[in-house]
Each structure stands twice: as structure tokens, then as C-alpha cells.
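[1] After the sequence you'll find the predicted model.
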Amino acid sequence: MMDCQQVKLTLSAFQDGRVLDGERRQIEQHLAECAACAERLEQLELVRQSLRSLPRRPVPPRVQFALRSLASKEAARRRYYAGLKGALRAFGERASLWVNNLMRPVALPAAGGLVSAVFLFTLVLTNFQGIVREHPNDVPLAVVTAPTVRSVLFDLSDDSEVTLDIFVDEQGRVLDFVIPESYGSVATHEMRRRLAATLLMTYFNPATAFGQPVSGWVRVKFRGRSEIDVRG
């Protein structure tokens, strides 16, 4: 016995007569017992009748020409591959295509590697000047840099010292902060409120990696009213 979901999936094929006799009998039995599926079938039939009642539009000449061209090409292709000679020709073309597809992933890297090797060898050969010595004015390239303070407006209202781990995003904005456990306990509501207000007015130059701004953590130490120490 078919359920409603199975019947709904096969109603269109049932209308077109494209179901087996066993399935057709099960669908008819289910429709006789299920009012919802029977109503669904009536709706589909109304849609089909509405589509049939629409006026027929003439086929544009360019569409007719395109269809005739496709039919002519298909007929020519069938004549070309007809008979034993055509079958051998089709087999040869498929074998050639298979070999080309098989060699393409190997040929492209090999050609690329050869061109790269020749280019690098020419580049090194034309610029080779023996052993390269360290230049006294060389400046090391900083691959990764830590955040730095850009502007800050804070006032702890006393001479206390507070150390925080602050998370800074790519725009230099403070998103979160935590108080390290090894630096004492300042987890009072008043102190956290003052720290949050201080960090709201603090802006950083974001950390960088290979010259691009990135987010990351930084350790900051506040002392009294006017001292701040930033450590990456």
C-alpha cells in the first residue's frame, strides 16, 4: 500500500500513463481512500486543462531554422558513424580523446616545470656574482608585528597597577579583555567598569603579518594615571 508522499511524487506520471500496472492499481486504491490526494489529482488536472486551453503561439522562423540545423547535423553524424567503418572510426576517435585527456595532466606540469627551470637558471646565471656578503646597511624585514597603542584616554583614579590581555581586531578596535590570574585579583564590579570605560577610549595600531593587518591578543599594563606598557 502506497502512502501519501509516494502518491504525490507519482501523480504526474500517473496522469501521463507512465506507471506500471501494479503501481497504477495501488495509486487508484489510495486515491479512492484519501480525499487529500484525490483533491491534489484534481488540481493537477485543472492545471493541465488550463495549459491546453492557452492559445498556441507560432514558432519563430529562427527557432525553426535552428531546429532544422540541429536535425541535419544529427542525421549527418549518424550517417558518418553508420556501419562497420563508422564504428571503427568512432572507436579511434574515442581512443585518441582518452589518450589526450590522460596525457594532459602530465604534460601541463611538465611544460610548466621546464619553463620555470629555464627562467630561474637564466635569472641566476645573469645575476650571479659569487658569494653574497652581508651588506652593512641591511635592515631586517619584520614579518610579524604586535599591536601598538595609537591613542588612549584612561584614569584609574589612584596609583594602582593593572595588567590585561586585550584582543584587538584588524581595525585596531578592542573587542574583549581578560585579567590574567597571575597578576592578582581586580575582578570587582567597579574596577571592571572603569577598565571597560578606559578600553572604550583606547585605539591600537593592529598587529600585522606579512604587511597585512590581523587580529590578535596583546598584554597591556596600566599604571596610575599616565603610564601604559604594551607587550606583544
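    Cool, the structure landed.

[2] quick one, helices of the protein?
    4-15, 21-33, 35-53, 61-80, 83-127, 189-200 (DSSP state H).

[3] can you put the ones you listed in JSON lines and add mean neighbour count?
    The way it works is simple: take the backbone N, C-alpha and C, and place the C-beta from them, glycine included. Supplementary listing: these in JSON lines, determined by neighbours: other C-beta atoms under 10 Å:
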{"stretch": "helix 4-15", "mean neighbour count": "15"}
{"stretch": "helix 21-33", "mean neighbour count": "13"}
{"stretch": "helix 35-53", "mean neighbour count": "12"}
{"stretch": "helix 61-80", "mean neighbour count": "10"}
{"stretch": "helix 83-127", "mean neighbour count": "10"}
{"stretch": "helix 189-200", "mean neighbour count": "14"}
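
[4] possible to save the ones you listed as JSON lines with mean pLDDT?
    Converted to JSON lines, the helices of the chain look like this (pLDDT from 0 to 100):
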{"stretch": "helix 4-15", "mean pLDDT": "88"}
{"stretch": "helix 21-33", "mean pLDDT": "89"}
{"stretch": "helix 35-53", "mean pLDDT": "89"}
{"stretch": "helix 61-80", "mean pLDDT": "87"}
{"stretch": "helix 83-127", "mean pLDDT": "75"}
{"stretch": "helix 189-200", "mean pLDDT": "74"}
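
[5] Now the ones you listed in JSON lines, please, with extra columns for distance to Pro180.
    Conversion of these to JSON lines gives the following (distance: least, C-beta to C-beta, whole Å):
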{"stretch": "helix 4-15", "distance to Pro180": "59"}
{"stretch": "helix 21-33", "distance to Pro180": "70"}
{"stretch": "helix 35-53", "distance to Pro180": "65"}
{"stretch": "helix 61-80", "distance to Pro180": "74"}
{"stretch": "helix 83-127", "distance to Pro180": "49"}
{"stretch": "helix 189-200", "distance to Pro180": "13"}
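
[6] looking at those, which is closest to Pro147?
    Evaluated over those, closeness to Pro147 peaks at helix 189-200, with 12.7 Å, by C-beta to C-beta.

[7] Show me what that closest one is packed up against.
    Counting contacts by 3 or more C-beta pairs under 8 Å, 6 or more residues apart in numbering; DSSP states H and E, helix 189-200 is packed against strand 161-168, strand 174-178.

[8] Let me have it in PDB, keeping just the CA atoms, if that works.
    The C-alpha atoms that make up helix 189-200 are tabulated as PDB, following Å, rounded to 0.1, in the frame of the first residue of the first chain:
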ATOM      1  CA  HIS A 189      32.400  45.400  39.500                       C
ATOM      2  CA  GLU A 190      33.700  49.000  39.900                       C
ATOM      3  CA  MET A 191      37.200  48.100  38.600                       C
ATOM      4  CA  ARG A 192      35.800  46.200  35.600                       C
ATOM      5  CA  ARG A 193      33.500  49.200  34.800                       C
ATOM      6  CA  ARG A 194      36.500  51.600  34.900                       C
ATOM      7  CA  LEU A 195      38.600  49.300  32.800                       C
ATOM      8  CA  ALA A 196      35.800  48.800  30.200                       C
ATOM      9  CA  ALA A 197      35.400  52.600  30.000                       C
ATOM     10  CA  THR A 198      39.200  53.000  29.600                       C
ATOM     11  CA  LEU A 199      39.400  50.500  26.800                       C
ATOM     12  CA  LEU A 200      36.400  52.000  25.100                       C
END
